[in-house]
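Asker: Fold the following for me, if possible:
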Amino acid sequence: MIYNISSKHNQTIKTIRQLKRKSIRTEEKKFIAEGKKIVLEAFENIPKRIFCVVASENFAETETDIIKKADEICGKVFVVPEGVFDELSDTETPQGVLAVVNICEEEILPEQPLGKLVVLDGVSEPGNLGTVIRTAEALGFDGIYLVKGCADIYSPKTVRATMGSLFRMKFKANCAVNDLEELKQKGFAIISTTPGGDTVLEKFTPPQKFAVVIGNEAHGVSDEVLGISDFKVKITMKGRAESLNAAVAAGIVMHWLA
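Answerer: Residues are numbered from 1 along each chain as shown. Reported below is the predicted structural model:
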């Protein structure tokens, strides 16, 4: 059904607006996927997890095929005035459409026949997190471990930065050092990226099964994780910059190791 809602005080609209907050996302087990491309990716990859779709009046008038498909997929489409949609949006220039998606965290179990994993150790900037997720999928990595302290993968900015990769990658959230130790017991080598590494990335050949660790933007890989790492690698830097953006460094390292 397609419902027209004009008031920002409507209870459904109020609940969707609150999903910008992590505590509400956790409580409701839902998150917002905003933007035309992200919504279409959700239609294609996770149609059964879409709770509802919200569109601005202008979008509904011009993108009738998408509205029709949204109705077929989830049966709940809410059309709202531009001003109401702007309050739901997390962007400066809203595209006029978003999907509310049910959270379904799929944990990666070490027993699975996976070969290439990414471990994010306290990556706290949502844009970096989303970019790493997108890059990991592009380079054929099998899944991502999120050590405590990482940004929320379901925050609006993270979701947008993944450009749909969030719907296809597998995750294990709220990890700790013991989860990485379990990986070692299953034959995975732990490879930490650090400026103080004793091995140059360009001269390093990874083993068949590995988990590469990307550290926090300001502090790098934690001492705990460094302490159990099998290898510590560094990127050769010829300029005077002291460090690289976390997502850029992750892309370089993942491309080499893949």
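
Asker: Show me where the stretch 101-250 of the chain has its strands.
Answerer: Using DSSP state E, counting those that start in this stretch, the strands found in the stretch 101-250 of the chain span residues 116-121, 143-147, 171-175, 189-193, 199-200, 210-215, 231-234.

Asker: Including mean neighbour count and distance to Ser23, could those go into a markdown table?
Answerer: C-betas here are computed from N, CA, C, even on glycine. Below are those laid out as a markdown table (neighbours: other C-beta atoms under 10 Å; distance: least, C-beta to C-beta, whole Å):
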| stretch | mean neighbour count | distance to Ser23 |
| --- | --- | --- |
| strand 116-121 | 25 | 22 |
| strand 143-147 | 24 | 18 |
| strand 171-175 | 18 | 15 |
| strand 189-193 | 23 | 32 |
| strand 199-200 | 12 | 42 |
| strand 210-215 | 26 | 26 |
| strand 231-234 | 20 | 37 |
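
Asker: a markdown table please, covering these and showing distance to Ile66 and mean pLDDT.
Answerer: Output for those, formatted as a markdown table (distance: least, C-beta to C-beta, whole Å; pLDDT from 0 to 100):
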| stretch | distance to Ile66 | mean pLDDT |
| --- | --- | --- |
| strand 116-121 | 32 | 95 |
| strand 143-147 | 30 | 94 |
| strand 171-175 | 28 | 90 |
| strand 189-193 | 41 | 94 |
| strand 199-200 | 49 | 88 |
| strand 210-215 | 35 | 95 |
| strand 231-234 | 45 | 93 |
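
Asker: mind checking which of the ones you listed is nearest Glu82?
Answerer: Glu82 lies closest to strand 171-175 among the strands of the stretch 101-250 of the chain, at 34.6 Å (C-beta to C-beta).

Asker: For the closest one, enumerate the helices and strands it packs against.
Answerer: Judged by 3 or more C-beta pairs under 8 Å, 6 or more residues apart in numbering; DSSP states H and E, strand 171-175 is in contact with strand 143-147.

Asker: Could the C-alpha coordinates of the strand it packs on be exported in PDB?
Answerer: Extracted in PDB, the C-alpha atoms of strand 143-147 (Å, rounded to 0.1, in the frame of the first residue of the first chain):
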ATOM      1  CA  GLY A 143      34.300 -10.900   5.600                       C
ATOM      2  CA  ILE A 144      35.000  -8.300   8.200                       C
ATOM      3  CA  TYR A 145      35.700  -8.500  11.900                       C
ATOM      4  CA  LEU A 146      34.800  -5.400  13.900                       C
ATOM      5  CA  VAL A 147      36.800  -5.000  17.100                       C
END
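
Asker: next one: that strand to chain centre, how far?
Answerer: 10 Å (C-alpha atoms, centre = their mean, to the nearest Å).

Asker: For it, which outside residues touch it?
Answerer: 108, 114, 117-122, 132-133, 136, 153, 169-176, 179-180, 183, 211, 222, 225 (C-beta atoms under 8 Å, 6 or more residues apart in numbering).
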